[in-house]
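Visitor: The sequence and its predicted three-dimensional model are supplied below.
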Amino acid sequence: MTMTVERFAELAEIHGGDIARWPEACREEARALLVADPETLGPILAEAAHLDRLLDLAPAGAVNAALLGRLIVADFTSDLSEALEEPAAL
Amino acid sequence: MAAEGSDPDEALLAGVGRGDPSSVRQLLDRRLPRVLALARRMLNDPGEAEDVAQETFLRAWKQARSWRPGGAKFDTWLHRVALNLCYDRLRRRREVATAEPPEQVDTGPAPDAGLLGADLSRRVETALAALPDRQREAIVLCHHQGLGNIEAAALMTISVEALESLLGRGRRALKASLADLREQGR
């Protein structure tokens, strides 16, 4: 598919503001179009990158020592129920 | 470095299968944070996310002893197990919600728009949680977990086109619900 401004905007909306994370097949054409028309395409990328940065703020959770310990012990315990507390809400 | 197409976890899995403590620890260091993050963002509940991560690795330990190279990559297998466990929990939530409708959660901007730090993070988390499950899954797999289109689509057992549709709709919805944060993330 030939890269157009419309397709570029669609890809930014789907894959975000970093062309390196777009499908490989369209990266080269996208970069070429960006060089050719930075005034139109730069703001489109910036808008998508802004949402990327917000998404990065969604908490990932931190591995705590208790969870790590339970999983290490579990691998060396034949009776897993001895090593683990009952999982909640099963 | 592992050859292209090979499983970077293969050697560690073999070590886990032999009961090697160092392999267990290295595999957990490498993969547990990813599984925990996946579950946390899918479920929006730290406790449930830990339960899912724990159950995923308990299954992995059992699997390690009979793991055969050449099939699915271990990371892909982990994602599949964790996602199935997440969907079990999301399904149970819906059943409970049907029986007892929850209070409406307000995902809109706070009266004071000056959100910082943890508040901002919470806003994003809440907006992500408000998405339909499949849109959230697509975004978490592609954006947060860094999977490629083909791998994410295969995990979700949908076409790449369907994945892109979910990503587009999900990101548009997030953009709208977080529009008041325009200046804060720049």
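Guide: Perfect, I can see it now.
Visitor: what's the neighbour count on B:D29?
Guide: Using other Cβ atoms under 10 Å in any protein chain shown, the number of residues around B:D29 comes to 12. For glycine as for every other residue, the C-beta is placed from the backbone atoms N, C-alpha and C.
Visitor: For it, I want the exact helix or strand it lies within.
Guide: Following DSSP states H and E, one finds B:D29 within helix B:21-43.
Visitor: Determine how far that helix lies from the middle of the whole chain.
Guide: Averaging C-alpha positions (Cα atoms, centre = their mean, to the nearest Å) puts helix B:21-43 11 Å from its chain's average.
Visitor: so what does it touch, helix or strand wise?
Guide: Applying 3 or more Cβ pairs under 8 Å, 6 or more residues apart in numbering or on different chains; DSSP states H and E, one finds that helix B:21-43 contacts helix A:65-75, helix B:10-17, helix B:46-64, helix B:74-99, helix B:133-139.
Visitor: can you rerun that using 10 Å?
Guide: Contact partners of helix B:21-43 among helices and strands, from 3 or more Cβ pairs under 10 Å, 6 or more residues apart in numbering or on different chains; DSSP states H and E: helix A:65-75, helix B:10-17, helix B:46-64, helix B:74-99, helix B:117-130, helix B:133-139.
Visitor: I'd like those helices laid out as JSON lines, including mean pLDDT, distance to B:L36 and mean neighbour count.
Guide: Formatted as JSON lines, these follow (pLDDT from 0 to 100; distance: least, Cβ to Cβ, whole Å; neighbours: other Cβ atoms under 10 Å in any protein chain shown):
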{"stretch": "helix A:65-75", "mean pLDDT": "87", "distance to B:L36": "8", "mean neighbour count": "16"}
{"stretch": "helix B:10-17", "mean pLDDT": "88", "distance to B:L36": "18", "mean neighbour count": "18"}
{"stretch": "helix B:46-64", "mean pLDDT": "92", "distance to B:L36": "4", "mean neighbour count": "21"}
{"stretch": "helix B:74-99", "mean pLDDT": "89", "distance to B:L36": "9", "mean neighbour count": "16"}
{"stretch": "helix B:117-130", "mean pLDDT": "90", "distance to B:L36": "14", "mean neighbour count": "17"}
{"stretch": "helix B:133-139", "mean pLDDT": "97", "distance to B:L36": "16", "mean neighbour count": "22"}
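Visitor: Return the residues in contact with the most centrally placed residue in chain B.
Guide: Centre of chain B computed as the mean C-alpha position; nearest residue by Cα atoms, centre = their mean is B:L38, 2.1 Å away. B:L38 sits next to A:60-61, B:49, B:52-53, B:56, B:78-79, B:82-83, B:86, B:137, B:140-141, B:144-145 when contact means Cβ atoms under 10 Å, 6 or more residues apart in numbering or on different chains.
Visitor: cutoff 8 Å now
Guide: B:79, B:82-83, B:86, B:140-141, B:144-145 (Cβ atoms under 8 Å, 6 or more residues apart in numbering or on different chains).
Visitor: Distance check, B:L155 against B:R122.
Guide: According to Cβ to Cβ, to the nearest Å, B:L155 stands 28 Å off from B:R122.
Visitor: about what we covered before: okay, the residue nearest to the centre of chain B: pLDDT?
Guide: Looking at B:L38, its pLDDT stands at 97.
Visitor: and chain A, which of the contacts of B:L38 contact it?
Guide: Applying Cβ under 8 Å from any Cβ of the partner chain, the subset of the contacts of B:L38 adjacent to chain A comprises B:H144.
Visitor: sorry, back to before: now do the helix holding B:D29 and helix B:74-99, the angle between them.
Guide: Orientation check (axes from the mean of the first three to the mean of the last three Cα atoms, to 10 degrees): helix B:21-43 against helix B:74-99 gives 40 degrees.
Visitor: Alright, I will stop here.
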